[in-house]
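[1] Show me the folded form of this:
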Amino acid sequence: MFGRHRVWPSEAPRWREDCHQSDIRLPRMRWTAFRANEEPLVQVEFDRRSRRPGMKHRITAAAFKELKRNLGLFLSTCSLRATLRPFCQFRHDTRGIFVVIVSARWIRRYERAAELLITGERRVLFQRDVSRRLVHVIEPSSKQRNDERIDTLGVHHQLIVLTTSFDIVPANVRRAADVIIDVRSPTARHIAAGRRLAGLPPLPRDLLRKLAQQDMNTIESLAGRQSLSETDFPLVDARQSVNKIPRLSGLPGFAIARTWVAELKRDLRDWKAGTLGWKDVDHGAILSGAPGTGKTFFAAALAAELEIPLIATSVAAWQASGDGYLGDMLKAMRASFTEARSKKCAILFIDEIDGIGRRGSRGRNAYYESNVVNCFLELTDGLVDIEGVILLGATNRLEDIDPAVLRSGRFEEHFYFDLPNDEERAAILCHHVSQVVDVSQVRSVTDGLRTATPADLQKLARKAKRSARSRGSAVTLEDLKTSLPARRKLPEAAVHRIAVHECGHAIVALASRLVDELVVELEDSVLEERVDLQQGGRVHYQMTETVLPTEATLLARIRIALAGMAAEEVVQGSRSIGGAGATGSDLDTATQIASKMVLSYGMGKSLRFHADQQRIAAGFMPTMEFHAEISGILSKEYRAAKELLGKEKARLMRMAAELVVDRRMEIKRDARLQ
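    A predicted model of the protein is given here:
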């Protein structure tokens with residue numbers, strides 16, 4: 001049975017050339033020229049009979065039309081055929097088993113390409129005997145299932161096994177395989193032939209060769225464009241160079257995690273050398289901190305430092321997959337883990353991991369959250385046995401994460417990224433400027449940005465470089481100063497009130513004898529472009545008793561948190577909103593501690609456990625009886641702080657006056673308060 005396709009005679013050589021260049025064999029093409037309506041035509045006849053052994057991997061006309069419509073499938077088919085063609089079993093169309101390793105992202109496309117190469121026909125939707133399938137796909141999530149259904153002795157002709165990693169190929173398939181090989185990239189000839197069949201304008205040979213040297217993502221992006229020129233490649237190269245993440249060792253900041261990174265790098269080197277087992281390698285960490293503190297950037301820089309791929313995703317990306325139903329969410333989650341496992345070694349970074357939710361919630365989304373958490377626990381259970389996968393999670397709200405997610409075996413380390421200190425701010429800004437700038441001079445710019453995050457400093461550097469580019473010169477200190485965000489000067493009365501507030505914290509903290517030394521800082525201006533509540537001052541200290549807090553320690557923490565508002569009332573006669581109004585404020589901190597004491601620690605009127613401390617942090621609503629008890633604790637400690645500060649009013653006012661002038665104070669307990 002034959003089908004007909006008519007083309008112009010001038011195009012006949014082009015069709016033949018397409019078939020030759022693309023490594024695709026068409027079955028018995030019969031070319032006959034004739035005239036119809038005085039127009040010269042060429043009649044091309046395709047053999048539509050089923051492919052049989054000995055037909056040298058020919059394809060039918062229907063299959064060829066499918067290739068013409070899909071440039072990506074065409075390139076995959078060409079590259080797969082070029083990969084297998086050097087081997088005599090494939091070239092002579094004799095019995096053989098070929099294992100081909102491809103990227104997890106393209107595996108479905110290569111599956112269809114393999115079917116076309118072996119059958120040469122349109123896809124058969126239903127196949128009763130799956131043991132006689134000619135193409136098999138092995139992925140980490142289906143290793144056992146594929147191991148059971150691949151009958152290597154039952155292969156009567158050719159079998160192509162596609163996999164994302166050699167490590168997940170069943171042992172019986174490895175031993176029986178005639179060939180195990182990584183797939184090649186499409187060549188310039190493949191791209192040229194594919195563009196011709198797709199009806200796209202031809203490209204110069206030098207552009208085709210340059211395009212063929214790119215990665216598969218770039219080839220997919222540019223191969224189907226109507227036009228392509230040399231100017232398009234610098235854009236790609238520039239985009240890649242801009243997005244190239246430096247190694248963590250060459251970056252400022254992240255001091256809290258540097259020891260862990262150095263040990264992880266050494267352990268990975270030993271693991272790759274075969275002298276260390278994967279169970280002895282750390283394989284998980286949680287990154288927490290305020291937005292803009294560099295959690296995502298840390299993950300990318302860590303991957304660059306370890307020289308392994310980074311697979312970045314987020315809970316929001318999982319939820320956005322498909323139609324957002326539970327099944328779509330779970331499928332996307334599994335796909336991320338499958339991609340990570342397909343690599344020999346990789347970092348799987350999950351941003352906003354608190355979005356997974358918590359089990360035990362009683363809202364209308366309880367069923368959804370419970371299933372999502374359970375699926376995540378299933379995928380990460382026994383992570384130590386999944387060699388090569390390092391799991392990183394980032395969150396702004398650590399308390400919202402289900403406790404089971406945080407246990408050892410999943411995330412073994414926790415790093416809290418705080419705002420950078422004075423030295424780190426200057427170093428971070430110099431790094432983003434990417435030019436030789438005196439760090440000591442930059443301190444004159446960054447010392448006034450104590451609330452700036454690394455993201456804020458990066459934005460400042462961009463503005464400074466833009467200003468320098470418009471002038472056609474290198475970045476100067478003046479560019480940095482003019483790029484500073486606009487600030488609004490605070491009234492003197494407000495600055496003095498903030499100083500009193502912070503000194504109140506300091507005095508009560510030193511009086512508790514749980515703090516030996518502290519640092520008090522004061523700001524006299526706020527950013528104009530920010531609409532949220534901004535800190536006008538802060539107190540930095542480290543409590544001596546933190547491992548196993550006692551009831552007295554917890555009450556002292558409440559007292560210290562409320563001391564700022566109490567100091568305002570002692571000196572000013574009333575308190576402002578500065579200690580409340582936001583999550584993480586003084587009043588919120590004190591309320592959280594008092595709630596846990598009553599509801600979780602059994603330190604209230606009754607020795608009873610009511611709720612897990614994580615549930616309390618996540619917004620557990622107590623009954624009115626417990627509301628009254630919590631309020632009683634807060635009121636009592638507020639009065640205690642106010643009474644102490646009343647006795648120390650002269651010292652409080654003197655410290656506040658000094659802070660207004662100096663903007664920063666370092667105080668030791670023995671020096672100020674006995």
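
[2] what number of residues lie near the closest residue to residue 224 other than its chain neighbours?
    Nearest residue to residue 224, sequence neighbours excluded (Cβ to Cβ, 6 or more residues apart in numbering): residue 71, at 5.3 Å. Any C-beta I mention is one placed from the backbone N, CA and C, and that applies to glycine too. Residue 71 has 18 neighbouring residues, counting by other Cβ atoms under 10 Å.

[3] mind listing what residue 71 touches?
    Counting by Cβ atoms under 8 Å, 6 or more residues apart in numbering, residue 71 touches 194, 195, 198, 223, 224.

[4] Let me know the next secondary structure element after the lowest-mean-pLDDT helix or strand in the chain.
    The helix or strand of the chain with the poorest confidence is strand 39-47; it has a mean of 35 (mean pLDDT, DSSP states H and E). Using DSSP states H and E, the helix or strand that follows strand 39-47 in sequence is helix 61-69.

[5] How far does that following helix sit from its chain's centre?
    How far helix 61-69 lies from its chain's middle: 38 Å, per Cα atoms, centre = their mean, to the nearest Å.

[6] Could you report the separation of the residue nearest to residue 224 from residue 219?
    10 Å (Cβ to Cβ, to the nearest Å).

[7] can you check residue 465 too?
    32 Å.

[8] Break this protein down into its structural domains.
    Domain ranges of the chain: 51-182, 248-417, 422-485, 492-672, per automatic domain parsing.

[9] Residue 402 and residue 354 touch, don't they?
    No - judged on Cβ atoms under 8 Å, residue 402 makes no contact with residue 354 at a distance of 9.3 Å.

[10] still on that earlier bit, with mean pLDDT and distance to residue 213 added, can I get the domains of the chain in a markdown table?
    Formatted as a markdown table, those follow (pLDDT from 0 to 100; distance: least, Cβ to Cβ, whole Å):
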| stretch | mean pLDDT | distance to residue 213 |
| --- | --- | --- |
| domain 51-182 | 74 | 14 |
| domain 248-417 | 83 | 20 |
| domain 422-485 | 80 | 27 |
| domain 492-672 | 86 | 45 |
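
[11] can I get those in TSV with distance to residue 211?
    As requested, the domains of the chain are exported to TSV (distance: least, Cβ to Cβ, whole Å):
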stretch	distance to residue 211
domain 51-182	11
domain 248-417	23
domain 422-485	30
domain 492-672	44
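
[12] what about residue 211, neighbour count?
    23.

[13] per-residue confidence at it?
    pLDDT recorded at residue 211 is 83.

[14] those strands in the stretch 551-674 of the chain, which residues are they?
    664-668 (DSSP state E, counting those that start in this stretch).

[15] swap in the stretch 201-350 of the chain?
    For the stretch 201-350 of the chain, strands defined by DSSP E, counting those that start in this stretch occupy the ranges 284-289, 310-314, 346-351.

[16] As a markdown table, those with distance to residue 659 would be great.
    As requested, the strands of the stretch 201-350 of the chain are exported to a markdown table (distance: least, Cβ to Cβ, whole Å):
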| stretch | distance to residue 659 |
| --- | --- |
| strand 284-289 | 27 |
| strand 310-314 | 42 |
| strand 346-351 | 39 |
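
[17] What about the spatially closest residue to residue 626 that is not a sequence neighbour, how many residues nearby?
    Distances taken as Cβ to Cβ, 6+ apart place residue 598 nearest to residue 626, at 5.7 Å, with adjacent residues excluded. The number of residues packed near residue 598 is 24, by other Cβ under 10 Å.

[18] check contacts around residue 598.
    Residue 598 neighbours (Cβ under 8 Å, 6+ apart): 604, 610, 622, 626, 629, 630, 633.

[19] The fourth one: neighbour count?
    Translated: residue 626. Residues near residue 626, counting by other Cβ under 10 Å: 19.

[20] From the contacts of residue 71, list the buried ones, please.
    In terms of neighbour count (16 or more other Cβ atoms under 10 Å), the buried residues within these are 194, 195, 223, 224.

[21] Make sure the first one is indeed in a helix.
    Yes - counting by DSSP: H, G, I helix; E, B strand; the rest coil, residue 194 is part of a helix.

[22] what's near enough to touch it?
    Residue 194 is in contact with 22, 71, 74, 75, 78, 186, 223, counting by Cβ under 8 Å, 6+ apart.

[23] now those in TSV, with distance to residue 314 and secondary structure?
    As requested, the contacts of residue 194 are exported to TSV (distance: Cβ to Cβ, whole Å; DSSP: H, G, I helix; E, B strand; the rest coil):
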residue	distance to residue 314	secondary structure
22	39	coil
71	31	helix
74	34	helix
75	30	helix
78	35	helix
186	32	coil
223	30	coil
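
[24] Could you turn the buried ones of the residues you listed into a PyMOL selection?
    Here is the PyMOL selection string for the buried members of these, based on 16+ other Cβ under 10 Å:
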select buried, resi 22+71+74+75+78+186+223
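
[25] Save the contacts of residue 194 as JSON lines, and put in distance to residue 331 too.
    Shown next, in JSON lines, are the contacts of residue 194 (distance: Cβ to Cβ, whole Å):
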{"residue": "22", "distance to residue 331": "34"}
{"residue": "71", "distance to residue 331": "27"}
{"residue": "74", "distance to residue 331": "28"}
{"residue": "75", "distance to residue 331": "27"}
{"residue": "78", "distance to residue 331": "31"}
{"residue": "186", "distance to residue 331": "29"}
{"residue": "223", "distance to residue 331": "29"}
